[in-house]
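S.K.: heads up, no residue letters with this:
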């Protein structure tokens, strides 16, 4: 049975949150509406908090032995999934810079929130006793999605 290095799983979560914070900081520059700017600033701050939580979790966890059909299956799955949602820093910067306006930023951010939620659901089993903290982050990410949906309504 394969042993999964839990810190590797949480490094992906940390990268997701880092990218989310950068996205929301950039999105602030794409709108003149103070309320929308404030929401993007709030979301950036939330992503920074989530990053700190995952950093703490990564330090506190060592290994996890997942149920697998073959050795390394779960880690391969998580890596493949993460590869589709976590861009290398230069690629992420390009993606963010290509956003032309607040509507583009909101659409991009909504997709990222969904992908983050799905990843966090997957990593709950690795979190062990701290799975409840991952649940709280999932709930917050869902709220972020709803906030973005509300912004989107005002932009249409």
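M.R.: That came through, no problem. Note that the structure is a prediction, hence the values are computed from the model and not measured. Residues are numbered from 1 along each chain as shown.

S.K.: show me where this protein has helices.
M.R.: With DSSP state H as the criterion, the chain has helices at 6-28, 34-60, 73-85, 89-97, 102-127, 131-155.

S.K.: In TSV, list those helices along with mean neighbour count and mean pLDDT.
M.R.: Backbone N, C-alpha and C define where each C-beta goes, glycine included. Listed next are the helices of the chain as TSV, based on neighbours: other Cβ atoms under 10 Å; pLDDT from 0 to 100:
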stretch	mean neighbour count	mean pLDDT
helix 6-28	20	84
helix 34-60	17	89
helix 73-85	15	75
helix 89-97	13	76
helix 102-127	19	87
helix 131-155	16	91
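
S.K.: Residue 37 contacts residue 31, correct?
M.R.: Yes - judged on Cβ atoms under 8 Å, residue 37 makes contact with residue 31 at a distance of 5.7 Å.

S.K.: for residue 48, what are its contacts?
M.R.: Applying Cβ atoms under 8 Å, 6 or more residues apart in numbering to residue 48 gives the contacts 17, 21.

S.K.: same check, this time on residue 84
M.R.: Going by Cβ under 8 Å, 6+ apart, the list of residues near residue 84 reads residue 115.
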